[in-house]
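J.: got a sequence here, can you build the structure:
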Amino acid sequence: MSVSLPYLDPDSSIWPNIGSSWFPGLSGLWGWPKSNASNPILTLPIEIYLEIFSHLDFIGQLSASQTCRLWQQVIFTSSLARARYEPRPFRQGIPNFHRLLDASGNFTLVLQRGRVKRYTYRWLHEEEVEDYNFVANKLAGDTPARRRHMYRWKDIDIPPGCPILQELVFSPFATNSNPKPLQQHEEKATREFSVELTLRWTSYPWYLDRPWCTKTKWDVDEKPTLEEVLGAFAANILGSMVKNGVYDAQKEVEVRFSHYHHNGWILAGHSL
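T.: Numbering: from 1, shown residues only. Below you'll find the model as predicted:
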């Protein structure tokens, strides 16, 4: 006997009703751009989605959020946000800091015509592949073919308007439930956030000059969002380019965030 399971078209007109009833307080997120998913998806109780997605790491969350708007809504709820911040202690990265601006400098923003065109997060993905030097031996039945690990760069584009950009730069879990780690003097670098910017235009990096035209340092107590911080740096970049006579509205400008080492931690930079 076949069983017909319910499904929901991600682009169906029923979405606004589901958004307001299933996700209280999240109806404002429906301005998120249309998903790349073109096929209907099977709908499950929200509790099951939350349980499944709770096992994803940060990369897994970003990847799954590209599937459809329902998954995006579930993933970017506050109950799953803890995985999007660096744990403390942690050998790499700033503790209690949003992983989108990680210590590896894998986050970029692209500017064109005076606006942020897109954000991109890049990471190294480990894959297990067959070592073809041993394939012939395997086919001959002599020596089993060996498998080796290799790494490939993978990108996820994050368009302006993505709900993740409304999240706080500093972990709300540390500041709300246990503020002490972020208030200690030795953790001062975690309280203040600014970054070095490398402008990659054509084939060479170009370092922006100072002083900045707008604010580039934030305190934890100010509760800055990712969009607020990134928007301020975008304004600084454009202002600096105009000042130096290198601004071309038609060209894409990629800006990569990078960090430097200090006292055993990889911290956000304060100078260029």
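
J.: how about the contacts made by Arg99?
T.: Counting by Cβ atoms under 8 Å, 6 or more residues apart in numbering, Arg99 touches 58, 84-86, 93. C-beta here means a position set from N, CA and C on the backbone, and glycine is covered the same way.

J.: just the buried ones from these, in PyMOL syntax?
T.: Only the buried entries of the contacts of Arg99 go into this PyMOL selection, using 16 or more other Cβ atoms under 10 Å:
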select buried, resi 58+84+85+86+93
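
J.: and which of the contacts of Arg99 is nearest Glu127?
T.: Of all the contacts of Arg99, Glu127 sits closest to Phe58, with 18.7 Å by Cβ to Cβ.

J.: what's the separation between the residue nearest to that closest one when sequence neighbours are not counted and Phe107?
T.: Spatial nearest neighbour of Phe58, chain neighbours left out: Arg99 (4.5 Å); criterion: Cβ to Cβ, 6 or more residues apart in numbering. For Arg99, the distance to Phe107 equals 9 Å [Cβ to Cβ, to the nearest Å].

J.: isn't there a strand covering Lys82?
T.: In this structure residue 82 is Arg, not Lys. No - read with DSSP: H, G, I helix; E, B strand; the rest coil, Arg82 is helix and lies in no strand.

J.: I'd say it and Phe173 touch.
T.: Yes - Arg82 lies in contact with Phe173 (Cβ atoms under 8 Å); the separation is 5.8 Å.

J.: what's the domain layout of this structure?
T.: Domain assignment for the chain, taken from automatic domain parsing, gives 1-84, 91-124+154-272.

J.: mean pLDDT lowest for which of those domains?
T.: Per-stretch mean pLDDT for these is lowest at domain 1-84 (a mean of 61).

J.: just the buried residues of the longest helix seen in the chain, please?
T.: In the chain, taking DSSP state H as the definition, the longest helix is helix 226-243. Neighbour counts using 16+ other Cβ under 10 Å place 226-238, 240-241 of helix 226-243 among the buried residues.

J.: quick check on the residue nearest to Phe58: phi, psi?
T.: Torsion angles at Arg99 (phi, psi; degrees, to the nearest 10) stand at phi -70, psi -20.

J.: quick one: it from Arg82, how far?
T.: Here Arg99 is placed at a distance of 11 Å from Arg82 (Cβ to Cβ).

J.: who does the longest helix of the chain touch, helix- and strand-wise?
T.: Judged by 3 or more Cβ pairs under 8 Å, 6 or more residues apart in numbering; DSSP states H and E, helix 226-243 is in contact with strand 107-112, strand 115-130, strand 196-201, strand 253-262.

J.: give me that answer again for 7 Å
T.: In this structure, helix 226-243 packs against strand 107-112, strand 196-201, with contacts taken as 3 or more Cβ pairs under 7 Å, 6 or more residues apart in numbering; DSSP states H and E.

J.: what angle sits between it and strand 107-112?
T.: Interaxial angle, helix 226-243 versus strand 107-112 (axes from the mean of the first three to the mean of the last three Cα atoms, to 10 degrees): 50 degrees.

J.: just the C-alphas of helix 226-243, formatted as PDB.
T.: Output in PDB follows, covering the C-alpha atoms of helix 226-243 (Å, rounded to 0.1, in the frame of the first residue of the first chain):
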ATOM      1  CA  LEU A 226      27.100  41.400  11.600                       C
ATOM      2  CA  GLU A 227      25.200  43.600   9.200                       C
ATOM      3  CA  GLU A 228      26.000  46.700  11.200                       C
ATOM      4  CA  VAL A 229      29.700  46.000  11.400                       C
ATOM      5  CA  LEU A 230      30.100  44.900   7.800                       C
ATOM      6  CA  GLY A 231      28.100  47.900   6.600                       C
ATOM      7  CA  ALA A 232      30.400  50.300   8.500                       C
ATOM      8  CA  PHE A 233      33.500  48.700   6.900                       C
ATOM      9  CA  ALA A 234      31.900  48.800   3.400                       C
ATOM     10  CA  ALA A 235      31.400  52.600   3.900                       C
ATOM     11  CA  ASN A 236      35.000  52.900   4.900                       C
ATOM     12  CA  ILE A 237      36.200  51.000   1.900                       C
ATOM     13  CA  LEU A 238      34.300  53.100  -0.500                       C
ATOM     14  CA  GLY A 239      35.300  56.300   1.200                       C
ATOM     15  CA  SER A 240      39.000  55.300   1.100                       C
ATOM     16  CA  MET A 241      38.800  54.300  -2.600                       C
ATOM     17  CA  VAL A 242      37.200  57.600  -3.600                       C
ATOM     18  CA  LYS A 243      39.800  59.500  -1.600                       C
END
